[in-house]
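1. here is a sequence together with a model predicted from it:
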Amino acid sequence: MTADQLSLTFAALADPTRRALLELLSVRDMAVTELAAPFDISLPAISKHLKVLARAGLIKQSREAQARPCQLKAEPLKAAADWVETYRQHWEQSFDRLDEYLKELQTKQAERDRKK
């Protein structure tokens with residue numbers, strides 16, 4: 001995944017409405033009007049959110065007569081999760097080292113307390 005694609009993915013995910021739209025699409029493909037129903041915003045506003053998601057490659061829109069069904073495309077999400085995973089591993093290793101250091105300090109403190 002290129003840095004530009006990664007930026008598009010994270011920018012699209014930054015908005016709670018867009019995340020909610022993706023959640024709806026994770027269940028099944030839906031038409032734009034169906035997607036808009038649970039939200040208290042205009043249909044043009046939903047369309048703008050869908051354009052951001054489409055630009056990021058997170059959804060695919062097709063045309064069937066008057067309907068505009070939307071489909072989730074999860075590949076960019078996988079790539080973003082993989083990118084985040086490297087940092088999760090870094091923090092886990094850092095916490096493991098901190099845990100070892102704290103145990104070492106506790107052991108030294110216990111030894112000092114026994115000598116007293």
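-> Looks like it came in fine. Numbering: from 1, shown residues only.
2. which neighbouring elements make contact with the helix or strand where Arg88 lies?
-> Assigned by DSSP states H and E, Arg88 belongs to helix 75-115. Other helices and strands packing on helix 75-115, by 3 or more CB pairs under 8 Å, 6 or more residues apart in numbering; DSSP states H and E, are helix 3-13. Placement of C-beta: from N, CA and C, glycine included.
3. list the helices and strands the helix or strand just after the helix it packs on packs on?
-> Once the chain leaves helix 3-13, the next helix or strand it forms, by DSSP H and E, is helix 16-27. Applying 3+ CB pairs under 8 Å, 6+ apart, one finds that helix 16-27 makes contact with helix 3-13, helix 32-36, helix 43-55, strand 59-61, strand 69-72.
4. want to throw these into TSV with mean neighbour count and mean pLDDT?
-> Listed next are those as TSV, based on neighbours: other CB atoms under 10 Å; pLDDT from 0 to 100:
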stretch	mean neighbour count	mean pLDDT
helix 3-13	16	91
helix 32-36	17	93
helix 43-55	16	96
strand 59-61	18	94
strand 69-72	18	94
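5. point out the one among these that comes closest to Lys78.
-> Comparing the helices and strands packed on helix 16-27 against Lys78 with CB to CB, the closest turns out to be helix 3-13 (10.0 Å).
6. using CSV, write out every CA atom in that closest one.
-> As requested, the backbone C-alpha atoms of helix 3-13 are provided in CSV (Å, rounded to 0.1, in the frame of the first residue of the first chain):
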residue,chain,number,x,y,z
ALA,A,3,1.6,6.2,1.6
ASP,A,4,-1.0,8.1,-0.4
GLN,A,5,-3.4,5.2,-0.3
LEU,A,6,-2.8,4.8,3.4
SER,A,7,-3.5,8.5,4.0
LEU,A,8,-6.8,8.2,2.0
THR,A,9,-7.8,5.2,4.1
PHE,A,10,-7.1,6.9,7.4
ALA,A,11,-8.7,10.1,6.3
ALA,A,12,-11.8,8.3,5.3
LEU,A,13,-11.9,6.4,8.6
